[in-house]
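Engineer: make a model of this:
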Amino acid sequence: MTTDKPSDPDALLAEIQQTRSDLADTAEALADKADIKAQVGDTVSSTAQTVKDQTSHAVDAVKDQASHAVDAVKDQTSHAVDAVKELPATARRHPVSVGAAISAIGAAAVAVWAFLRRRRRR
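Structural biologist: From the prediction side, this is the model:
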């Protein structure tokens, strides 16, 4: 507010209107600060949006990882299928190695079976 008082009635009226406008703006700003419910609502909305965004990013990351895992499983399955298809030819070239491998697998199966059987009895 100025300390000079305008002598012109129009200037005085303009100053009064400006003061009223400034006062209305100040009152509105104070009312906004005093409206705790609205502030909490804004904070809740903002937090909810942040959680949604973070969840969306996490879902995308999990989807990407799952896609890579599926691709890796497909590759490994393909290699295993190829190895199984080549097994008869490998057995003809190395019959002793294949026999030893089958025996080792059988022995491991028996050992696991015995271990699990003893464990169930306890």
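Engineer: hey, let's count contacts and neighbours off CA atoms from now on
Structural biologist: Will do.
Engineer: can you give the distance of stretch 96-112 from its chain's centre?
Structural biologist: Taking Cα atoms, centre = their mean, to the nearest Å, the mean C-alpha location of stretch 96-112 is offset from the chain mean by 45 Å.
Engineer: swap that for stretch 17-26, sorry
Structural biologist: 48 Å.
Engineer: per-residue confidence averaged over the helix or strand harbouring Asp60?
Structural biologist: In the assignment (DSSP states H and E), Asp60 maps to helix 36-93. If you average the pLDDT over helix 36-93, you get 89.
Engineer: so what does that helix touch, helix or strand wise?
Structural biologist: helix 95-121 (3 or more Cα pairs under 8 Å, 6 or more residues apart in numbering; DSSP states H and E).
Engineer: what helices and strands are in contact with the helix it packs on?
Structural biologist: Helix 95-121 packs on helix 36-93, going by 3+ Cα pairs under 8 Å, 6+ apart.
Engineer: and the angle for the helix it packs on with helix 95-121?
Structural biologist: 130 degrees (axes from the mean of the first three to the mean of the last three Cα atoms, to 10 degrees).
Engineer: distance of Ile105 relative to Asp25?
Structural biologist: 85 Å (Cα to Cα, to the nearest Å).
Engineer: same check on Asp32?
Structural biologist: 11 Å.
Engineer: Thr77 now?
Structural biologist: According to Cα to Cα, Thr77 and Asp25 sit 71 Å apart.
Engineer: how many other residues sit next to Leu87?
Structural biologist: Residues near Leu87, counting by other Cα atoms under 10 Å, number 13.
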